[in-house]
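Chemist: Build me a structure from this.
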Amino acid sequence: MFFSQAGARPRTWEASQSEHKKWVEVFKACDEENKGYLSREDFKVAVVMLFGYKPSKIEADSVMSSVDPNTSGILLKEFLDIVRKKKEAQLYRNEIRHIFTAFDRHYHGYLTLEDFKKAFKQVAPKLSERIILEVFR
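Modeler: Numbering: from 1, shown residues only. All right, here's what the predicted structure looks like:
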């Protein structure tokens, strides 16, 4: 499972060798002029290739502001770290979605208090109703 023992925070996720290789290949493909770094536009293309969406201006600004100011763009090491974090976040969102779907028994797209109580009775049967109500709010 992706969650830590306490369930509060995700563990760090590591890419497989084949996934890591794919990321390096995408970096090289997007660095068409072999500059050794990705420009802002190169980065956007890489995200489309790996995640299937074009990053927003805000996301691109955030990434570009986090890179070493002494370089002209995102170096391979930085790119791999960014992609690993994005993949980790994607897996975490998918895990949350999966858990929510398991609790949403009637497929409403939201949890009623009764759904919430039933779910907690299954996963934490000794938890008091007062605490369940506090968590629900």
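
Chemist: Just want the most central residue of the chain.
Modeler: residue 89 (1.4 Å; C-alpha atoms, centre = their mean).

Chemist: Surely it is in a strand?
Modeler: No - assessed with DSSP: H, G, I helix; E, B strand; the rest coil, residue 89 is helix; it does not lie in a strand.

Chemist: Show me what the helix or strand hosting residue 98 is packed against.
Modeler: In this assignment (DSSP states H and E), residue 98 forms part of helix 76-103. Contact partners of helix 76-103 among helices and strands, from 3 or more C-beta pairs under 8 Å, 6 or more residues apart in numbering; DSSP states H and E: helix 17-30, helix 40-51, helix 113-123. C-beta coordinates here come from the backbone N, C-alpha and C atoms, glycine included.

Chemist: could you dump those to a markdown table with distance to residue 73?
Modeler: Output for the helices and strands packed on helix 76-103, formatted as a markdown table (distance: least, C-beta to C-beta, whole Å):
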| stretch | distance to residue 73 |
| --- | --- |
| helix 17-30 | 10 |
| helix 40-51 | 7 |
| helix 113-123 | 46 |
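
Chemist: how many neighbours does the closest residue to residue 38 other than its chain neighbours have?
Modeler: Nearest residue to residue 38, sequence neighbours excluded (C-beta to C-beta, 6 or more residues apart in numbering): residue 74, at 4.4 Å. Neighbour count of residue 74, defined by other C-beta atoms under 10 Å: 26.

Chemist: Same question for residue 125.
Modeler: 7.

Chemist: Report the separation between it and residue 132.
Modeler: Counting by C-beta to C-beta, to the nearest Å, the gap between residue 125 and residue 132 amounts to 11 Å.

Chemist: now do residue 51
Modeler: With C-beta to C-beta as the criterion, residue 51 and residue 132 are 36 Å apart.

Chemist: Those two - which one has more neighbours?
Modeler: residue 132 (16 against 13).

Chemist: and the lowest-mean-pLDDT helix or strand in the chain, C-alpha only, in PDB?
Modeler: For the chain, counting by mean pLDDT, DSSP states H and E, helix 113-123 ranks last in confidence among helices and strands (a mean of 83). The C-alpha coordinates for helix 113-123 follow below in PDB (Å, rounded to 0.1, in the frame of the first residue of the first chain):
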ATOM      1  CA  LEU A 113     -22.600  10.800   7.500                       C
ATOM      2  CA  GLU A 114     -24.000   7.300   7.400                       C
ATOM      3  CA  ASP A 115     -21.500   6.200   4.700                       C
ATOM      4  CA  PHE A 116     -18.700   7.700   6.800                       C
ATOM      5  CA  LYS A 117     -19.900   5.900  10.000                       C
ATOM      6  CA  LYS A 118     -20.100   2.600   8.200                       C
ATOM      7  CA  ALA A 119     -16.700   3.000   6.700                       C
ATOM      8  CA  PHE A 120     -15.100   3.800  10.100                       C
ATOM      9  CA  LYS A 121     -16.900   0.900  11.700                       C
ATOM     10  CA  GLN A 122     -15.200  -1.400   9.200                       C
ATOM     11  CA  VAL A 123     -11.700   0.100   9.500                       C
END
